[in-house]
Structure formats: structure tokens, C-alpha cells
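Q: What would the 3D arrangement of this be:
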Amino acid sequence: MNCIDSDFAIDILKGVDDAKDLLDELEYEGDIFITSISVFELTYTTKGISKKKEQALYNLMDTLQVLDLDKMAALEASRIGRKLAKEGLMLHPMDLLIGAVVMRNKMPFVTKNIKHFSRIKGLELKTWQSIVDR
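A: Numbers count the residues shown, from 1 in each chain. All right, here's what the predicted structure looks like:
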């Protein structure tokens, strides 16, 4: 089981070879999840994309299981956010929520945003190497 970030979903839809290769590996490993927060991120910004691309996005999301934000994940995100703020390492609230949901569900998180998500201690990260932001 793995949970994917919206950036991974976008690269799959763009046809990025490394992302497609990793998707094949993840499918072999088992179920693939996405958080309800990432679903929001992906669908909130569909204005201006073609109907074909929008349909491809919805088709991809239909193949994924959704991890919902619950009370405990929200509280954990708040705790992590306060700790990071004290350290001067702020994260966007959506990233805090996503990270907490994934951690509560005890699975690896597939993202190329290693720089930000690595601030969340205990969150296991995976990426597709050749396009990692450095």
C-alpha cells in the first residue's frame, strides 16, 4: 500500500516515464491511495484544462482509494505544524494535513516534494528519482 501526492498524479497524467514506471511498481505492491486533500487540490484547479485532460484526471482518481481527514489526523497536523513553526520550518496547511493523514494510515507517501515533506518526522517518503526537485 502506498499513498500518492497530487504531484505524482499530475506527472502520471502528463505521461512522465519515471512516474509511469513507478506507478507500475506501486500497482504490483498493492492498493494505491490518495488523500481527500489531494483530491481537492487536483480538482480545484481544473478550470482551464481540456475536457479530455479533466476526464483523464477523474479516471485516474477512480482507480485510487481515498484516505479521509479525520479528527485524529487533524489534531496531529496541528501538533506537527506548531512544532515546525517553532523551528522556523513552516509548511503549507494542506501539506500538514496530507502528511498527517498518510502517517495515521501508516503507509509510504509518494511525492517529489521531498524538501517540504521531509520536515514531517516519521513520514516515509518515496519519489521518482530523475525529476526530484533539488
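Q: Chain neighbours aside, what residue packs nearest to Asp7?
A: The shortest distance from Asp7 to any non-neighbouring residue, by CB to CB, 6 or more residues apart in numbering, is to Lys112 (5.3 Å). C-beta here means a position set from N, CA and C on the backbone, and glycine is covered the same way.
Q: Where do the helices of this protein begin and end?
A: Under the criterion DSSP state H, helices of the chain are mapped to 6-14, 17-29, 36-44, 51-62, 71-86, 93-104, 114-117.
Q: okay, the angle between the fifth one and helix 93-104?
A: Relative orientation of helix 71-86 and helix 93-104, computed by axes from the mean of the first three to the mean of the last three CA atoms, to 10 degrees: 120 degrees.
Q: ok, now which ones touch Leu35?
A: Actually, residue 35 is Thr rather than Leu. Shown in contact with Thr35 (CB atoms under 8 Å, 6 or more residues apart in numbering): Cys3, Val66, Leu67, Asp68, Leu69, Leu97, Ile98, Val101, Val102.
Q: picking up where we left off before, out of the helices of the chain, which is the most enclosed?
A: helix 93-104 (a mean of 23; mean count of other CB atoms under 10 Å).
Q: Output the contacting helices and strands for that helix.
A: strand 32-35, helix 36-44, helix 71-86, strand 109-110, helix 114-117 (3 or more CB pairs under 8 Å, 6 or more residues apart in numbering; DSSP states H and E).
Q: what helices or strands is the shortest one leaning on?
A: Using 3+ CB pairs under 8 Å, 6+ apart as the contact test, the elements touching strand 109-110 are strand 2-4, helix 93-104, strand 125-126.
Q: what do you get for the third one?
A: For helix 71-86, the contact count by 3+ CB pairs under 8 Å, 6+ apart identifies helix 93-104 as packing neighbours.
Q: what's in contact with the helix it packs on?
A: Contacts to helix 93-104, defined as CB under 8 Å, 6+ apart, come from residues 3, 5, 35-38, 41, 67-70, 72-74, 76-78, 80-81, 84, 91, 109, 113, 116-117, 120, 122-123.
Q: Let's see that with 6 Å instead.
A: 3, 35, 37, 67, 69, 73, 76-77, 80-81, 109, 116, 120, 123 (CB atoms under 6 Å, 6 or more residues apart in numbering).
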